[in-house]
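1. starting from these lines, generate the structure:
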Amino acid sequence: MASPDSAASLPPSTKDDVTPISSKIAELNESRSELLTRIQSLKQDLQSWRSKLDTQVKVYRDELSELKKTLNVEVEQLRTEFQDLRTTLQQQQEDVTASLKNLGLQDVTGDVKQTQSQEVKIEEIEKEEHQVLPEVDTVKLDKI
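-> Presented below is the predicted three-dimensional model:
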């Protein structure tokens, strides 16, 4: 075994270096512990944030699901109401047509359609005439 004098036999520079190295190792171990504690805390914060976010997403999904159900019910009600309205209008149209036939005016609807068709043709002819006629130069007319 080494005697207590053997430590004294070490060169002086090595003996002086041992103390700062052991204190630096202690500082590094302490820093490592602090970093591990901070990392653990950050992990817990992240897990908490994820949990809150998951809860919020679930709440929003549930709300959207309820809104979707409500919307689907309202759309179905509107479809039913429109179908009822369409049926009512068709029935009224049939009743009016039957009434006109009973009054001897069944050709009135044909006359109205023919009149509308003639009005459209007249408008088309007027447009064509507008395009065919050259524009008159008002300056030349003033000189005449």
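2. which residues in the protein form helices?
-> For the chain, the helices defined by DSSP state H cover 4-8, 12-103, 108-132, 138-143.
3. will you turn those helices into CSV that also has mean neighbour count and mean pLDDT?
-> C-beta coordinates here come from the backbone N, C-alpha and C atoms, glycine included. Output for these, formatted as CSV (neighbours: other C-beta atoms under 10 Å; pLDDT from 0 to 100):
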stretch, mean neighbour count, mean pLDDT
helix 4-8, 8, 48
helix 12-103, 10, 91
helix 108-132, 10, 66
helix 138-143, 7, 46
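4. distance of Val59 from Ala26?
-> Separation of Val59 from Ala26 (C-beta to C-beta, to the nearest Å): 50 Å.
5. with Gln44 instead?
-> Note on Gln44: its distance to Ala26, by C-beta to C-beta, is 27 Å.
6. let me see the contact set for Glu119.
-> By C-beta atoms under 8 Å, 6 or more residues apart in numbering, no residues touch Glu119.
7. contact partners for Thr37?
-> Listed by C-beta under 8 Å, 6+ apart, the contact set of Thr37 is empty.
8. and it, how far from Gln44?
-> Computed as C-beta to C-beta, the Thr37 to Gln44 distance reads 11 Å.
9. go on, Asn102?
-> Asn102 is 87 Å from Gln44, by C-beta to C-beta.
10. can you check Ser65 too?
-> 32 Å.
11. also Asn29?
-> Asn29 sits 23 Å away from Gln44, going by C-beta to C-beta.
12. and if you look at Gln90?
-> Gln90 sits 69 Å away from Gln44, taking C-beta to C-beta as the criterion.
13. likewise for Ile125?
-> 85 Å.
14. now Glu63
-> 29 Å.
15. can I get stretch 81-100 as CSV, trimmed to CA atoms?
-> What follows is stretch 81-100 as a C-alpha-only set of coordinates in CSV (Å, rounded to 0.1, in the frame of the first residue of the first chain):
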residue,chain,number,x,y,z
GLU,A,81,-91.7,22.0,-46.7
PHE,A,82,-90.5,22.7,-50.3
GLN,A,83,-91.9,19.3,-51.4
ASP,A,84,-95.3,20.2,-49.8
LEU,A,85,-95.1,23.7,-51.4
ARG,A,86,-94.3,22.1,-54.8
THR,A,87,-97.2,19.7,-54.4
THR,A,88,-99.6,22.5,-53.4
LEU,A,89,-98.5,24.7,-56.4
GLN,A,90,-98.9,21.8,-58.8
GLN,A,91,-102.4,21.1,-57.4
GLN,A,92,-103.3,24.8,-57.7
GLN,A,93,-102.0,24.9,-61.3
GLU,A,94,-104.1,21.8,-62.1
ASP,A,95,-107.1,23.5,-60.5
VAL,A,96,-106.6,26.7,-62.5
THR,A,97,-106.2,24.8,-65.7
ALA,A,98,-109.3,22.8,-65.0
SER,A,99,-111.2,26.0,-64.1
LEU,A,100,-110.1,27.6,-67.4
